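1. sequence? don't have it. structure:
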């Protein structure tokens, strides 16, 4: 009996049944395939009604041996056998034995990149649509495109602002920048950012015309009254500074400003302006912190009221001894503690009164002298004394400006030695005192 046929049950009926016979033959052939053949003749099945079937050889087995067969395992009975195997790691083969199935499958993870069909250039394989189905090539058709999902489809597109969440980029992700530079847009148009470099010390970032860049501050860039300055201790400010509008200088202690020309070896031009309590002082200095004298001191009382104004001289601190040559107006009585010093000028010929004159002595020996008074306008309350010092017969005359009078007369004269006139400017004429 052929190998494997013993597994077939003999369900031979008592009487010949053609339907049974056909089924039986199919079962025998299913078992008696070439894998189960043994040396000997081929298989023949004979049978009659009411007679048991006979299974015997009908062909020379050598004819079968010479045929080409594809086997799952090697056989010593076949000359032209070829073994059915799968690529290691890719194809999995499984023989379930005689009468069973021979299964060929793909191993898990067995399909690598080389097993795919060739793709188009610059592409990946995937499913771009929002439904399950076959994969296809997803191609990047231009440079700098990113694979993203947009509008329920996966495709290569340009990166947009909406794709990047806020604060996603850290400083380390920004490309290296030039030394001493910032990132910005210098041109007066919208566009990509660029580096703005500070090329020189002291440059500041400012808008100049139609561009933003580092450069020096120009005077026209500073609005009047907008400057608030603070200078550190012992810091040197060079160049020319021009202040317009309201300028504020603040100090946490007593503010002090030292002015002078550095090319003066003896510091002859050194001035010190400082505030001590409620007093503003203007002082001369020989050095920044050396000996000095107050030239002027202004003190304030309650609120904004001034309480005292004092002046210094060449040897003393402020005593009020120097008032200069200009006109001073006092809102109250003037009291002196050391006597009042007045200016005196001697003349020998006709002359006009100077702004600095208080007493004029006249020597008319060489001829008559006329003292021309100034105009009343701008001199209200001014006092002037004129005295004749010689014993000649020549007259000394005071003459009002233009048609202005002296006690109702256009002139006032004397020929007497040591005679004097003291006049005070009124609103409409000079008054003799």
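-> Cool, got the structure. Not measured: the values here are computed from a predicted model.
2. show me where the stretch 101-250 of the chain has helices.
-> With DSSP state H, counting those that start in this stretch as the criterion, the stretch 101-250 of the chain has no helices.
3. same deal with the stretch 251-400 of the chain?
-> According to DSSP H, counting those that start in this stretch, the stretch 251-400 of the chain contains no helices.
4. what bits of it have low per-residue confidence?
-> Along the stretch 251-400 of the chain, segments meeting pLDDT under 70 span 251-253, 260-269, 286-292, 306-307, 311-332, 338.
5. for it, what spans make up the strands?
-> Per DSSP state E, counting those that start in this stretch, the stretch 251-400 of the chain carries strands over the ranges 256-259, 271-276, 279-285, 292-300, 306-311, 344-347, 351-352, 359-362, 369-372, 383-388, 396-399.
6. how's the chain carved up into domains?
-> Structural domains annotated on the chain: 5-83, 116-159, 344-432, as defined by automatic domain parsing.
7. picking up where we left off before, let's have the strands of the stretch 251-400 of the chain in CSV, adding distance to residue 187 and mean neighbour count.
-> Using the backbone N, CA and C atoms, a C-beta is placed for each residue, glycine as well. Converted to CSV, the strands of the stretch 251-400 of the chain look like this (distance: least, CB to CB, whole Å; neighbours: other CB atoms under 10 Å):
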stretch, distance to residue 187, mean neighbour count
strand 256-259, 43, 13
strand 271-276, 47, 15
strand 279-285, 51, 18
strand 292-300, 54, 16
strand 306-311, 56, 14
strand 344-347, 73, 13
strand 351-352, 70, 14
strand 359-362, 76, 20
strand 369-372, 73, 18
strand 383-388, 73, 20
strand 396-399, 77, 22
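8. and for residue 187, the neighbour number?
-> By other CB atoms under 10 Å, the residues close to residue 187 number 10.
9. isn't it right up against residue 211?
-> Yes. Residue 187 is within contact range of residue 211, at 6.4 Å (criterion: CB atoms under 8 Å).
10. lowest-confidence stretch among the domains of the chain?
-> Ranked by mean pLDDT, those end with domain 5-83 at the bottom, a mean of 54.
11. ok, so what distance separates the residue nearest to residue 140 when sequence neighbours are not counted from residue 211?
-> Distances taken as CB to CB, 6 or more residues apart in numbering place residue 156 nearest to residue 140, at 4.1 Å, with adjacent residues excluded. Counting by CB to CB, to the nearest Å, the separation of residue 156 from residue 211 is 37 Å.
12. so what pairs up with the residue nearest to residue 140 in the strands?
-> Beta-bridge pairing for residue 156 (DSSP bridges): residue 147.
13. quick check, it in contact with residue 146.
-> Yes. Using CB under 8 Å, residue 156 is in contact with residue 146, at 6.7 Å.
14. and for the closest residue to residue 159 other than its chain neighbours, the neighbour number?
-> Take residue 159 and drop its neighbours on the chain: the residue closest to it by CB to CB, 6+ apart is residue 146, 5.3 Å away. Using other CB under 10 Å, residue 146 has 12 neighbouring residues.
15. which ones are touching residue 146?
-> Taking CB atoms under 8 Å, 6 or more residues apart in numbering as the criterion, residue 146 is in contact with 156-159, 163.
16. swap in residue 276?
-> Applying CB under 8 Å, 6+ apart, we find residue 276 in contact with residue 254.
17. bridging residues for it?
-> residue 279.
18. repeat for residue 308
-> As for beta bridges, residue 308 partners with residue 299 under DSSP bridges.
19. how close does it get to residue 203?
-> Noted for residue 308: a distance of 48 Å to residue 203, by CB to CB.
20. could you do residue 384 as well?
-> Distance of residue 384 to residue 203, computed by CB to CB: 63 Å.
21. just residue 188 next, same as before
-> Distance, residue 188 to residue 203, by CB to CB: 20 Å.
22. which one of those two is surrounded by more residues?
-> Between residue 188 and residue 203, residue 203 has the larger neighbour count (other CB under 10 Å), namely 15 against 10.
23. find the residue closest to that one in space, skipping its chain neighbours.
-> Once flanking residues are discounted, residue 203 sits nearest to residue 214: 4.0 Å by CB to CB, 6+ apart.
24. who touches that neighbour in this structure?
-> Residue 214 sits next to 196-200, 203-206 when contact means CB under 8 Å, 6+ apart.
25. next one, pLDDT for it please.
-> pLDDT, the model's per-residue confidence, is 91 for residue 214.
26. separation between it and residue 397?
-> To residue 397, residue 214 is 75 Å away according to CB to CB.
27. then residue 93?
-> From residue 93 to residue 397 the distance is 151 Å (CB to CB).
28. just give me the neighbour total for residue 353.
-> Using other CB under 10 Å, residue 353 has 19 other residues around it.
29. ok, it touching residue 375?
-> No. Contact between residue 353 and residue 375 fails when scored by CB under 8 Å: they sit 10.3 Å apart.
30. what touches both of the two?
-> Residues touching both residue 353 and residue 375 by CB under 8 Å, 6+ apart: none at all.
31. so which of the strands of the stretch 251-400 of the chain comes closest to residue 408?
-> strand 396-399 (13.4 Å; CB to CB).
32. what's in contact with that closest one?
-> Residues outside strand 396-399 that contact it (CB under 8 Å, 6+ apart): 362, 364, 368-373, 386, 388, 406, 410-415, 419, 421, 423, 430.
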